[in-house]
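Visitor: Sequence first, predicted coordinates after that:
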2 protein chains.
Amino acid sequence: MTSAPAVSTVQPIQWLGDRLRLLDQRALPREERYLDCRSAEEVAAAIRGMAVRGAPAIGIVAAYGVVLAVRESPSSFELASSVLEASRPTAVNLRWALARLRSLWMGGADAAALEAEARRIHAEDLAQNLHMAELGAELLPEKATVLTHCNTGALATGGHGTALGVIRTAYAQGRVAQVYHTETRPWLQGARLTAWELQREGIPARLVADGAAAHLMKRQRIDWVIVGADRIAANGDTANKIGTYMLAVAARQHGVKFMVVAPSGTFDPDCPYGEAIPIEEREPRELTEFRGEKVAPEGQDAYNPVFDVTPAELIDAIVCERGVIEKPSARKIAALLAG
Amino acid sequence: MTSAPAVSTVQPIQWLGDRLRLLDQRALPREERYLDCRSAEEVAAAIRGMAVRGAPAIGIVAAYGVVLAVRESPSSFELASSVLEASRPTAVNLRWALARLRSLWMGGADAAALEAEARRIHAEDLAQNLHMAELGAELLPEKATVLTHCNTGALATGGHGTALGVIRTAYAQGRVAQVYHTETRPWLQGARLTAWELQREGIPARLVADGAAAHLMKRQRIDWVIVGADRIAANGDTANKIGTYMLAVAARQHGVKFMVVAPSGTFDPDCPYGEAIPIEEREPRELTEFRGEKVAPEGQDAYNPVFDVTPAELIDAIVCERGVIEKPSARKIAALLAG
């Protein structure tokens, strides 16, 4: 097997010592604009406003947000943590990263120690992604055609990516011949961000409307659907970007395999099954407007859940940095996390 | 049972004797702009450019297009028919309407007789829609929650609508309490046109992203998915707007009933099954741009099929003006069409 490709040159999260510089993902692919955050509140606003998104990425930036807060005033730890934790409800990586800092803080760590921990969370995420990419790529046949959803690349993580990391590595190994990726309404992370990342590396990619995926699976050979995760319950039920569940249902109908790629920080052992995962609903105007312009008529109501839950029985493999869980179950997941 | 509601006041297709006036659906809901067509070529351009869309509507306007041509020059019948027939490949209503005119023309009819036939096709479509609406509404339970896709209302037909006609009538009868409708990428016929029609009549409606439909079915009670059709094969396989097949797969997974509403002109007895239906693919830029603005990066490729095929086994009922076919099969369809 060849080695993993060079890490993507995209650096969407840059810790500059006194501030956190974020590539503003709302402006991509039109513009590479950066946003400097100097306080936990500014970091929380960037998360809420989706300048930064992707479960691993928001865990990393939330950790840096706490560092900014305690540097300013040690007494602000609790407030900063709770503001950051509330910034997006579904992804568990956010809570998990904050819990790592809390545990050090309770043990008497100072701001410098928290900063070192935040940098460690960041670096670990990249290392985990590179390792998961190797594990996931091994599951693919030669010259595979894969379908991915949303953006799970360098932009969504500490670098390389989860599902897109598998695709990147597998492409470098000659295992992936063609990528299809959904638009991912309403934020168009697929059309904007995944397209941008794949194009930078010359990986052959075709965009499809979210609703075209079942037709695509019927008409073309698709070997695997590969997605990320925002939270994985103890039984393997997986919350991810809205539309993922529909892809999983369509994949099963067409005999297409379904892979979830996520670091172990995405597992929530306290959450027994998917129905217990809180699903964020965002404003109707994400559907009724496009870049501030009305699409639907004035006053149109919309139901805008941002995530959905794919039951474990529709998942063929969960790839995390500790290993691959085929046909996930509570027992297999507990064993892997304990191991 | 109460009577059908008043026919919608929307008049998207107006025959003015010397020209055909079309409500330009590309400008809705922002603007009610009309387009006057004075030749068959102008009508074909309006169909190709999607100023008018919806299988029944394009059948009607194509018939008027032939009338405009033979008025100008009787020798232009063949050319006009073939230009109009080629304007969209999937909908069979177009071919069916043109065949009705051809049969008269071959029998020696003049331009005035063709005009009368075009007006009859238009009027029949409205009458059929009102009748189908009654038949379809009877299938719904009291206070039903329904999900529809694309636009199948007055804008897509000779008036009232097919699937949306059922919803309109059922709402007036108190049988529908809540409508969900998809955005319908990439043209957003749901967000723009269905939203506009439902809002004009005060029918409670919520917009959802196409990819959110499976999640919606899991979390809320949806009684029926109700859609139109662009062509129905002899065995009941149904071509309709891209995304329909995915909704049918999700509906079956969740025990939600699936209804297709289409006049008998939508059946294509020469087409044995769905795989034989030609599926129009349109330009990538319908996905990579929005109102002329780039969304995806420059040079992005896309796969943009405009229709998909829902196999008969996923359809609980096909409603046409001749009656309701439950669990459609080649035998039942042939019997209804012969009857």
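Guide: Thanks, I have it.
Visitor: Other residues contacting stretch A:107-125?
Guide: Applying CB atoms under 8 Å, 6 or more residues apart in numbering or on different chains, the contact partners of stretch A:107-125 are A:13, A:15, A:56, A:59-60, A:63-64, A:66-67, A:70-71, A:74, A:97, A:100-101, A:104-105, A:157-159, A:263. Any C-beta I mention is one placed from the backbone N, CA and C, and that applies to glycine too.
Visitor: Repeat that for stretch A:63-80.
Guide: A:13, A:15, A:19-20, A:37-44, A:81, A:84, A:97-98, A:100-102, A:105, A:111, A:114-115, A:117-118, A:121-122.
Visitor: Now do that stretch, average pLDDT.
Guide: For stretch A:63-80, mean pLDDT is 97.
Visitor: Straight-line length of that stretch, end to end?
Guide: Using CA to CA, to the nearest Å, the end-to-end distance of stretch A:63-80 comes to 10 Å.
Visitor: Check the separation of the first and last residues in stretch A:282-296.
Guide: OK, stretch A:282-296 end separation, CA to CA: 17 Å.
Visitor: mean confidence score for that stretch?
Guide: So the average pLDDT for stretch A:282-296 ends up being 94.
Visitor: What's the first helix or strand after the least confident helix or strand in chain A by mean pLDDT?
Guide: Within chain A, confidence by mean pLDDT, DSSP states H and E is lowest for strand A:293-294 among all helices and strands, at a mean of 91. Toward the C-terminus, strand A:293-294 is succeeded by strand A:301-302 as the next helix or strand (DSSP states H and E).
Visitor: close to chain B, is the least confident helix or strand of chain A?
Guide: Yes: Strand A:293-294 reaches chain B (CB under 8 Å from any CB of the partner chain) through A:Glu293, A:Lys294.
Visitor: how about the strands in the stretch 1-150 of chain A?
Guide: For the stretch 1-150 of chain A, the strands defined by DSSP state E, counting those that start in this stretch occupy A:13-15, A:20-23, A:34-37, A:144-148.
Visitor: What residues of the third one count as buried?
Guide: Burial within strand A:34-37, assessed by neighbour count using 16 or more other CB atoms under 10 Å in any protein chain shown, is assigned to A:Leu35, A:Cys37.
Visitor: Now the residue positioned nearest the centre of chain A. Its backbone dihedrals?
Guide: Geometric centre of chain A, nearest residue: A:Gly54, 3.5 Å, by CA atoms, centre = their mean. A:Gly54 adopts backbone torsions of phi 100, psi 120, taken as degrees, to the nearest 10.
Visitor: Can I get the longest strand along chain A as CSV, trimmed to CA atoms?
Guide: Looking across chain A with DSSP state E, the single longest strand is strand A:176-182. Taking C-alpha atoms only, strand A:176-182 is exported to CSV below (Å, rounded to 0.1, in the frame of the first residue of the first chain):
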residue,chain,number,x,y,z
VAL,A,176,-11.2,5.6,-6.0
ALA,A,177,-11.9,6.4,-9.6
GLN,A,178,-14.9,8.6,-9.4
VAL,A,179,-16.5,10.7,-6.6
TYR,A,180,-20.1,11.9,-6.6
HIS,A,181,-21.0,14.4,-4.0
THR,A,182,-24.4,15.9,-3.1
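Visitor: Pull the distance from that strand to the chain's centre.
Guide: 18 Å (CA atoms, centre = their mean, to the nearest Å).
Visitor: Now do it against strand A:144-148, angle only.
Guide: 20 degrees (axes from the mean of the first three to the mean of the last three CA atoms, to 10 degrees).
Visitor: Partner strands of strand A:176-182 and their direction?
Guide: strand A:144-148 (parallel), strand A:205-208 (parallel) (DSSP bridges).
Visitor: Please point out which parts of it sit buried.
Guide: Here strand A:176-182 shows A:Val176, A:Gln178, A:Val179, A:Tyr180, A:His181, A:Thr182 as buried, counting by 16+ other CB under 10 Å.
Visitor: sorry, back to before: pLDDT at the residue nearest to the centre of chain A, what is it?
Guide: So, for A:Gly54, pLDDT stands at 94.
Visitor: Give me the nearest residue to it, chain neighbours excluded.
Guide: Nearest residue to A:Gly54, sequence neighbours excluded (CB to CB, 6 or more residues apart in numbering or on different chains): A:Ala156, at 2.4 Å.
Visitor: Phi, psi for that neighbour please.
Guide: According to degrees, to the nearest 10, A:Ala156 has phi -100, psi 0.
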